[in-house]
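Q: Any chance you can model this:
(one chain, ligands or ions: 1)
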Amino acid sequence: MRKTLNALVGLTLVSAALMTAPPLARATATDAPPCPRDLSPQAQGMPDTERIFSWVEDVTRLGKRLTGTEGGRKAAAYVKCQFEALGLQDVHYETATSWLWQADRSSLSVNGRTINSFPVSYSFVTPDKPSVFSTGPGGLQAVVVDVGDGSGLRITPERVKGKVVVFDLKFQMSAAAFLPFVDFIHDPKLTLFDATLFTANPYITNLSKVVEKLQEAGAIGFVGVLSDYYDSNRYHNEYYRRTQMKLPGVWVTKTDGAALRAIMKATGGAPRANLVLEGSRTEVEGRAVVGVLPGLTQETILMTSHHDSVSSGAVEDASGVGSLLVQLQHAASKPLAERQKTLLFATMDTHFTGYQVHQAFTDKYVIKKETPYRLVAGVTLEHVAKQGVIKDGKLVMREQPELMGIMNNFSRQVRRELHASMVHHDLRRSVTLKAGLLCNTVGLPTDASFWCRAGLPSASLIAAPVYLYDEDDTLDKVAKDQLLPVAKVFADLVDTLDRTPADQIGQ
Ligand SMILES: [Zn+2]
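A: Coordinates of the predicted model:
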């Protein structure tokens with residue numbers, strides 16, 4: 001358990017929590033006209049699988065939805081329109097300043113031989129400042145050295161100073177690390193306990209640690225070999241805020257890494273690299289789309305997902321947005337008399353760029369309580385995914401859902417009802433995890449981290465398929481047959497939260 005906690009300390013969300021929150025501003029106007037209320041029969045009650053999937057398709061089709069880009073703004077406008085059509089009130093944007101990191105050009109060659117590569121997101125930045133970065137005319141020309149996985153004493157100034165450094169990116173934590181927190185499993189076909197449970201996934205890695213050491217030792221650039229990944233270099237790492245990477249870096253696949261190392265070995269003298277990286281990091285507006293479904297009281301359940309993405313992002317997180325809209329349609333179809341508590345819906349961005357909106361939202365709504373809503377619980381929905389495994393260096397899809405975890409710090413009574421609902425609706429390959437300890441210490445490895453840490457009893461649906469950061473996260477990866485079971489389990493959970501007295505929701 002301690003190992004898991006230690007590893008999680010490296011996560012973006014945790015480190016970001018240590019920084020002061022930027023202010024959250026209510027946007028006075030939006031760039032999208034309001035959408036009319038949808039009164040058609042299909043917009044009533046619990047939507048069917050096809051309708052849920054159509055939302056996931058719509059968001060996926062918007063393509064890359066990076067915070068501060070046209071795609072990001074289109075995604076926010078889409079959610080806003082759905083919020084209005086499905087009957088939310090006071091639909092508006094709330095904003096906080098975030099970053100947009102973009103590479104315009106990058107390449108790598110060693111001894112004149114081009115190696116396929118892809119820029120390391122958020123590398124080459126000027127700490128805490130906007131910047132335009134460039135390796136200059138002709139790029140960096142330097143001796144290239146190999147430090148393996150960068151552990152031990154391999155990274156020393158004598159070895160790496162003034163050089164481009166090749167290292168192996170290692171994935172460091174598997175889902176099994178969370179087993180000590182599991183308090184319920186629904187897995188009737190007994191498929192969960194196999195080798196994939198113990199295979200490290202691409203989220204907790206040695207990147208920060210190695211780059212920190214390289215920066216200290218005076219390296220001038222790096223090449224990360226995706227040694228635990230499948231044969232793709234489209235690995236869009238998250239923004240590791242704790243380590244602002246000042247060096248330019250590129251990713252290469254395991255195979256290309258082997259070719260690169262063969263070229264290095266075959267060189268008589270010191271092999272030389274030519275590394276090119278040009279781009280910019282600018283301050284941009286992060287955006288939450290917020291809307292209210294009033295209940296009989298101001299006691300409020302926060303319902304969230306995120307609409308930003310680094311690729312077409314079908315699982316990450318069109319599936320979360322679709323799953324959130326389900327809850328909205330379902331709840332809004334009930335008469336007011338059946339809704340004790342108010343529901344506050346929000347999709348946020350900045351998931352990939354530092355969580356500034358999540359943080360500012362928590363500050364305003366949970367910590368400083370600057371709104372009329374008395375938040376008593378949070379429900380966050382992310383990732384309804386098919387399982388992907390790495391076989392012989394390739395991504396292979398399995399026709400079953402990825403392990404789904406519902407992390408929560410709810411009371412025993414609320415959890416008991418949740419477990420019964422997971423069985424009743426047959427939410428396959430799902431577990432619940434007691435998140436109290438995580439919320440009280442390092443936070444959650446999900447979008448719910450900030451409000452959970454700030455004391456809001458929370459549940460967070462999450463799955464961690466291997467392709468989540470990759471351009472391979474396409475519509476076929478969504479576990480379509482799980483959309484409805486997820487919808488029903490969470491509709492039940494919201495019902496439970498609605499009728500449970502506020503002081504009996506948390507652990
Ligand atoms: Zn997500």
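Q: Which stretches in the stretch 351-500 of the chain count as strands?
A: 374-381, 386-391, 394-401, 404-408, 430-434, 458-462 (DSSP state E, counting those that start in this stretch).
Q: Pairing partners for the fifth one, with directions?
A: Each strand that strand 430-434 pairs with, and the sense of that pairing, follows from DSSP bridges: strand 182-186 (antiparallel), strand 404-408 (parallel).
Q: Which residue does the stretch 201-350 of the chain have closest to the ion?
A: With C-beta to the ion as the measure, Asp317 is the residue of the stretch 201-350 of the chain nearest to the ion, at 3.8 Å. Backbone N, C-alpha and C define where each C-beta goes, glycine included.
Q: any idea which helix or strand carries the closest residue to Val91 other than its chain neighbours?
A: Residue nearest to Val91 in three dimensions, not counting chain neighbours: Gly291, with 3.9 Å by C-beta to C-beta, 6 or more residues apart in numbering. Using DSSP states H and E, Gly291 sits in strand 272-293.
Q: residues of that strand that come out buried?
A: When neighbours are counted by 16 or more other C-beta atoms under 10 Å, the buried residues of strand 272-293 are found to be 272-281, 284-293.
Q: same deal with stretch 26-46?
A: So, applying 16+ other C-beta under 10 Å, buried residues of stretch 26-46: Ala27, Thr30, Ala32, Cys35, Ala43.
Q: Quick check, pLDDT for the second one.
A: Among the per-residue scores, Thr30 holds a pLDDT of 67.
Q: Assign the residue of the stretch 201-350 of the chain closest to the ion to helix, strand or coil.
A: For Asp317, the assignment made with DSSP: H, G, I helix; E, B strand; the rest coil gives helix.
Q: Pull the contacting residues for it.
A: Contact analysis of Asp317 by C-beta atoms under 8 Å, 6 or more residues apart in numbering lists Ser305, His306, His307, Asp308, Ser309, His351, Glu382, His383.
Q: That one and Gln387, how far apart?
A: 17 Å (C-beta to C-beta, to the nearest Å).
Q: And His307, by the same measure?
A: 24 Å.
Q: more neighbours, these two?
A: Legend: neighbour count by other C-beta atoms under 10 Å for His307 and Gln387, higher for His307 (31 against 20).
Q: which phi and psi does that one have?
A: phi -100, psi 0 (degrees, to the nearest 10).
Q: from memory it sits against Ala346, does it?
A: No - His307 lies out of contact with Ala346 (C-beta atoms under 8 Å); the separation is 9.9 Å.
Q: what sits in contact with each of these two?
A: By C-beta under 8 Å, 6+ apart, the residues touching both His307 and Ala346 are Val289.
Q: for the closest residue to Gly45 other than its chain neighbours, phi and psi?
A: Nearest residue to Gly45 in three dimensions, chain neighbours excluded: Ser333, at 5.0 Å (C-beta to C-beta, 6+ apart). Per-residue torsions, Ser333: phi -80, psi -10 (degrees, to the nearest 10).
Q: burial count for Ser333?
A: 15.
Q: how about Val315, what does it touch?
A: Shown in contact with Val315 (C-beta under 8 Å, 6+ apart): His383, Val384, Ala385, Ala463, Pro465, Tyr467, Leu468, Asp473, Lys477, Val478.
Q: what's the most distant pair in these?
A: Val384 and Tyr467 (13.9 Å; C-beta to C-beta).
Q: higher neighbour count, those two?
A: Ranked by neighbour count (other C-beta under 10 Å), Val384 and Tyr467 place Val384 first, with 31 against 27.
Q: Can you show me the helices along the stretch 151-300 of the chain?
A: 157-160, 207-217, 254-266 (DSSP state H, counting those that start in this stretch).
Q: who touches the second one?
A: Just to be clear, that refers to helix 207-217. Counting by C-beta under 8 Å, 6+ apart, 10, 123, 147, 149-150, 155-157, 159-161, 165, 167, 169, 222, 224, 237, 240, 242-243, 245-247, 249 sit against helix 207-217.
Q: For the chain, list the residues in contact with the ion, please.
A: Glu316, Asp317, Glu382 (C-beta under 5 Å from the ion).
Q: tell me which of those is nearest to Gly405?
A: Glu382 (10.3 Å).
Q: Show the contacting residues for the closest one.
A: Counting by C-beta under 8 Å, 6+ apart, Glu382 has contacts Ser305, His306, Glu316, Asp317, Ser319, Gly320, Thr446, Asp447, Ser460, Leu461, Ile462, Ala463.
Q: doesn't Ser311 fall inside a strand?
A: No - using three-state DSSP, the assignment for Ser311 is coil, not a strand.
Q: Burial check on Gly322, number of neighbours?
A: 29.
Q: which residues does it contact?
A: Ile52, Phe53, Trp55, Val56, Val59, Val384, Leu483.
Q: quick one: what helix or strand has the first one in it?
A: Element membership for Ile52, per DSSP H and E: helix 49-61.
Q: quick one, domains of the chain?
A: 25-99+287-504, 100-176+199-282 (automatic domain parsing).
Q: Show the pLDDT at Val14.
A: Confidence score, pLDDT, at Val14: 46.
Q: meant to ask about Arg65
A: So Arg65 comes in at 98 (pLDDT).
Q: With Gln507 instead?
A: At Gln507, the model reports a pLDDT of 89.
Q: Could you report the neighbour count for it?
A: Using other C-beta under 10 Å, Gln507 has 16 neighbouring residues.
Q: which residue sits closest to the residue of the stretch 401-507 of the chain found nearest the ion in space, ignoring its chain neighbours?
A: In the stretch 401-507 of the chain, the residue that lies nearest the ion is Asp447 (6.3 Å; C-beta to the ion). If you skip the residues right next to it in sequence, Asp447 has Thr380 as its closest partner in space, 5.1 Å away by C-beta to C-beta, 6+ apart.
Q: Was I right to think the one you found contacts Ser323?
A: No - in this structure, Thr380 is not within contact of Ser323 by C-beta under 8 Å, at 10.2 Å.
Q: Report the set of residues contacting both of these two.
A: Ser305, Leu461.
Q: quick one: which of the two has more around it?
A: Thr380 (29 against 24).
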